[in-house]
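Q: Let me see the structure of the following:
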Amino acid sequence: MPRTLDALDMIQFCWRCVGKPIHQSYHPYFQHYHLRFEVEEGREDFRTDINRIFRRNGLAYELKEDGSIERLVPPVLREALASAYFHTRDSELNRMLETARSKIGDPGEEIRREALEKLWDAWERLKTLGTGSDKKSQAIALLDATAGASSPILREALEREARELSWIGNHMQIRHSEKGKEQVAKGEHIDYLFHRLFSLIQVILRLNKEI
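A: Predicted coordinates for the structure are as follows:
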């Protein structure tokens, strides 16, 4: 059996080359039609057929209008990615977040690992954008503003989540690749970790308008 990425590459190659045959004039001597090929119609018909095959076989991919193939992320993460809007005052943070969002939908697992790495880089940068004289006080200010003064239990939960996510980033092969660091083993683990941190970043950005 071919590798999944090889099969997807073949589908993209066919999309680039396909055209819908249209009958022109009939050649009575050789008994055949002259043909012309409509590229756009052919590509759309091909895309419809391929996506139907994906759906019937439970394959989480979609052939897009531009010929690229996108992995369909889990529905709850898909909704979060679609509704995200990165327009902070820090252009580098915006770039990191947009790169992470675009790569997490890639069919290749290695590219999705890059998405996870970029999201953790964005998290470390975000922690320095709060008010304060050092990274610790800046991160505390962000969590304070996110929870609000009337939600001390939520504030405590946010801090535990922030600490744990930072610990995961430092002890697994996400931000660091030293010998002994545990690798994120499965694609499902990538989705889980990405969604967990992405959700925290999103709520911080939405409730800290000064960033």
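Q: Find the nearest non-adjacent residue to the residue nearest the centre of the chain, please.
A: By CA atoms, centre = their mean, the mean C-alpha position of the chain lies nearest to Ile104, the distance being 2.5 Å. Residue nearest to Ile104 in three dimensions, not counting chain neighbours: Ala115, with 4.0 Å by CB to CB, 6 or more residues apart in numbering. Glycine gets a C-beta too; all of them are placed from N, C-alpha and C.
Q: which residues sit against the helix or strand where that neighbour lies?
A: For Ala115, the element it lies in under DSSP states H and E is helix 109-126. By CB atoms under 8 Å, 6 or more residues apart in numbering, the residues outside helix 109-126 that reach it are 71, 90, 92-93, 96-97, 99-104, 106, 142, 165-166, 169, 174-175, 184, 187, 190, 193-194, 197-198, 200-201, 204-205, 211.
Q: Could you count how many residues lie near the residue nearest to Ile104?
A: Using other CB atoms under 10 Å, Ala115 has 20 other residues around it.
Q: likewise the one 5 residues further on?
A: For Trp120, the neighbour count with other CB under 10 Å is 24.
Q: The residue lying closest to it once chain neighbours are set aside in helix, strand or coil?
A: Nearest residue to Trp120, sequence neighbours excluded (CB to CB, 6+ apart): Gly169, at 4.4 Å. Gly169 falls in the helix class when you classify it by DSSP: H, G, I helix; E, B strand; the rest coil.
Q: can I have stretch 20-40 written out in PDB, keeping just the CAs?
A: What follows is stretch 20-40, C-alpha atoms only, in PDB (Å, rounded to 0.1, in the frame of the first residue of the first chain):
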ATOM      1  CA  LYS A  20     -13.500  18.000 -18.600                       C
ATOM      2  CA  PRO A  21     -13.800  16.800 -22.200                       C
ATOM      3  CA  ILE A  22     -16.400  18.700 -24.300                       C
ATOM      4  CA  HIS A  23     -17.600  17.400 -27.700                       C
ATOM      5  CA  GLN A  24     -17.000  19.800 -30.600                       C
ATOM      6  CA  SER A  25     -17.500  18.900 -34.200                       C
ATOM      7  CA  TYR A  26     -18.100  15.400 -35.300                       C
ATOM      8  CA  HIS A  27     -15.600  13.800 -37.800                       C
ATOM      9  CA  PRO A  28     -17.700  11.500 -39.900                       C
ATOM     10  CA  TYR A  29     -14.900   9.800 -41.700                       C
ATOM     11  CA  PHE A  30     -13.000   8.600 -38.600                       C
ATOM     12  CA  GLN A  31     -16.300   8.600 -36.600                       C
ATOM     13  CA  HIS A  32     -15.100  10.600 -33.600                       C
ATOM     14  CA  TYR A  33     -15.700  13.900 -32.000                       C
ATOM     15  CA  HIS A  34     -13.100  16.700 -31.800                       C
ATOM     16  CA  LEU A  35     -12.700  17.600 -28.200                       C
ATOM     17  CA  ARG A  36     -11.800  20.600 -26.100                       C
ATOM     18  CA  PHE A  37     -11.000  20.400 -22.400                       C
ATOM     19  CA  GLU A  38     -12.500  22.700 -19.800                       C
ATOM     20  CA  VAL A  39     -10.000  22.900 -17.000                       C
ATOM     21  CA  GLU A  40     -12.100  24.600 -14.300                       C
END
